[in-house]
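>>> what's the 3D shape of this:
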Amino acid sequence: MSDIIGGYFTSHVPAIGGAIAKGLQEDPYWKPFFDGYPPISEWLNEEKPDVAVVFYNDHGLNFFLDKMPTFAVGAADEYQNADEGWGLPVSKPFRGDAALSWHIIENLISDEFDITTCQKMLVDHAMTIPFQLAWPDREAWPVKVVPIAINTVQHPLPSAKRCLALGRSVGRALESWNSNDKIVVIGTGGLSHQLDGERAGFINADYDRFCLDHLMDDPEALVGDSIAGIVEKAGTQGVEILNWIAARGALGERALAKRAENYHIPISNTAAASLVLEAV
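Numbers count the residues shown, from 1 in each chain. Model (predicted):
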C-alpha cells in the first residue's frame, strides 16, 4: 500500500518566483520568508516522496472566467508551465502519474463529486513556486505529480466544507492505492490577501494564525464560515485557504505533528506562510 508521509502547505505569490529568479533569498525584505523553507527541504530530502498530490488554484493559464471548473484533476503523463505574463522564467515540466490520477478520479466520481478530467493541462505559478521553494536548484523535479485545481476565482465558489470533503475523498483514494509509493500532499495559496478594490492590501494576521493553529488538529474549525465570511476575514484572494483545507482533508485521520512552520507579513501585500504536517 502507498505511504502518505504528510502535507506541505505554502503560499505561492508570483513575486516569490521573481525573488528566486533574482537571487534575493538573503535580501532583508525576503530573508524572513525564505528562512522558513530549509527545514521543509530537509524533511522532503529525508523522506524522498515519489508522488506529490497538489491542491492549487489556476490563475488563468489553464482555465479562464469563461470556462472555470469547480474541481479539475489532471490525468496526464506530463504537465507544462508557460509564460503567465509575470516575467517569471518558464518552469521545467512536471512528470505526471496518470495511473494514480485515474484512481483518484474514479474514487471522486464514486463519492459523487462532479469533476473535470484533464488529459492535457497547463500548470501555473501556484504549482511551480511551491516546488521551487521545496526543491531548489534541481535539474528535474524529483516527484511525479497529480494536480487538483480548485476554483477560487469565479463565483460561486465551492464551500470550505465541500473542499474538506473533496480532500477526504482523495485521501481515501490514496489509502487504497496499491503501490509502494511514498506520497506527499501539497496545499498552496494565501494566506490572507486582497489585490484590488477598497480593501487592496488587506491582511488579517489573527485569521491566518487561527488557520495555522487549527489546521492540524481541528480542520472542522476552518469550514464554519461561508465563502462570503472567508472573504470578509481573509480578503478576496484569501479564499485560497480552500486549497489548504482540501489538502488537510487528504491527510485523513492519521496522527500528525508539526515539522516546520513559518509566518511572515507582508510579501507583496500578502500574508505568507509555510507549514509541514508530518505523519507520525
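>>> tell me how far the spatially most distant residue from the centre of the chain lies from Glu240.
Distance from the C-alpha centroid of the chain peaks at Glu198, with 27.2 Å (C-alpha atoms, centre = their mean). Distance of Glu198 to Glu240, computed by C-beta to C-beta, to the nearest Å: 20 Å. From N, CA and C alone the C-beta is placed, and that goes for glycine too.
>>> Tyr29 too?
22 Å.
>>> those two: which is more packed in?
Neighbour totals were compared for Tyr29 and Glu240, and Glu240 leads with 28 against 11 (other C-beta atoms under 10 Å).
>>> quick one: contacts for the residue nearest to that one when sequence neighbours are not counted?
In this structure, Glu240 finds its nearest non-sequential neighbour in Gly189, 2.8 Å apart by C-beta to C-beta, 6 or more residues apart in numbering. Counting by C-beta atoms under 8 Å, 6 or more residues apart in numbering, Gly189 touches Ser11, His12, Tyr56, Asn57, Ala126, Thr152, Glu240, Ile241, Leu242, Asn243, Trp244.
>>> can we see that at 6 Å?
His12, Glu240, Asn243 (C-beta atoms under 6 Å, 6 or more residues apart in numbering).
>>> what's the answer for Asn262, then?
Asn262 sits in contact with Gly36, Ser274, where contact means C-beta under 6 Å, 6+ apart.
>>> same thing but at 10 Å, please
For Asn262, the contacting residues are 10-11, 32-37, 39-40, 212, 272-276, by C-beta atoms under 10 Å, 6 or more residues apart in numbering.
>>> what does Glu84 give?
Applying C-beta under 10 Å, 6+ apart, the residues near Glu84 are Pro14, Gly17, His59, Gly60, Leu61, Val90, Leu122, Asp124, His125, Thr128.
>>> tell me, how many residues neighbour the closest residue to the third one other than its chain neighbours?
On the basis of C-beta to C-beta, 6+ apart, the spatially nearest residue to His59 that is not a chain neighbour turns out to be Asp124, at 5.3 Å. The number of residues packed near Asp124 is 24, by other C-beta under 10 Å.
>>> and the longest helix for the chain?
In terms of residue count, the longest helix belonging to the chain (DSSP state H) is helix 160-175.
>>> the closest residue in space to Val123 that isn't next to it in sequence: how many residues sit nearby?
Among residues not flanking Val123 along the chain, Tyr79 sits closest, at 4.7 Å (C-beta to C-beta, 6+ apart). Tyr79: 22 surrounding residues under other C-beta under 10 Å.
>>> can I assume Tyr79 sits in a strand?
Yes: the assignment for Tyr79 (DSSP: H, G, I helix; E, B strand; the rest coil) places it in a strand.
>>> read off the pLDDT value for Pro266.
At Pro266, the pLDDT value in this model is 92.
>>> so it is in which element?
Per DSSP states H and E, Pro266 falls inside strand 256-267.
>>> following the chain past that strand, name the next helix or strand.
strand 270-279.
>>> partners of that following strand, with directions?
Strand 270-279 sits in its sheet next to strand 3-10 (antiparallel), strand 256-267 (antiparallel), going by DSSP bridges.
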